[in-house]
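Participant: pasted the sequence and its predicted model underneath.
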Amino acid sequence: MSHIQSLFYTFVWTFAPELIEKGYIYASVPPLYKVTMNKRYYYLKDGAALDAFKKDNPGKTLVIGRMKGLGEMDADEIELTMLEESNRVMKQVTMDNKSEASQLFDDLMGTLVAPRRAYIEAHSAEVEVAI
């Protein structure tokens, strides 16, 4: 999750948690890869989509770029991948347990460092790095 998303969710949770509780908050998910083939661009949402694309285009010359987020996309790319209904990926922001969610926001985004550090130490083995 990006830093800006974390700040946005914290803002909503702090001032209007009912928006999350009632399912009104959605996140648009940008593509992870931009593939150029025969002077055409293809935007792929994840590694599985990239693997499938490679499998469907054996022997073709592919230029694969890893997208870092919206900041490196121009307005036309954002419109195509994030706004056009047939291409965009939207995920609803949900929670299972309000008190656990509240505690997690306090631990991770609160003013105390110790709970944040403890969480990072406890969950560091779960991190997957995509290079």
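Facilitator: In hand now; what should we look at?

Participant: quick check, T81 in a helix?
Facilitator: Yes - assessed with DSSP: H, G, I helix; E, B strand; the rest coil, T81 lies in a helix.

Participant: neighbours of it, just the number please.
Facilitator: Other residues within reach of T81 by the criterion other CB atoms under 10 Å amount to 22. Bear in mind the C-beta positions are built from the backbone N, C-alpha and C, glycine included.

Participant: same check, this time on I120
Facilitator: The number of residues packed near I120 is 12, by other CB under 10 Å.

Participant: residues in contact with the helix or strand harbouring it: which ones?
Facilitator: Using DSSP states H and E, the element containing I120 is helix 113-123. With contact meaning CB atoms under 8 Å, 6 or more residues apart in numbering, helix 113-123 is reached by 104, 106-108, 110.

Participant: among those, name the buried ones.
Facilitator: For the contacts of helix 113-123, a burial check counting by 16 or more other CB atoms under 10 Å picks out D107.

Participant: pLDDT weak spots in the protein?
Facilitator: 1, 129-131 (pLDDT under 70).

Participant: many thanks, I have nothing further to ask.
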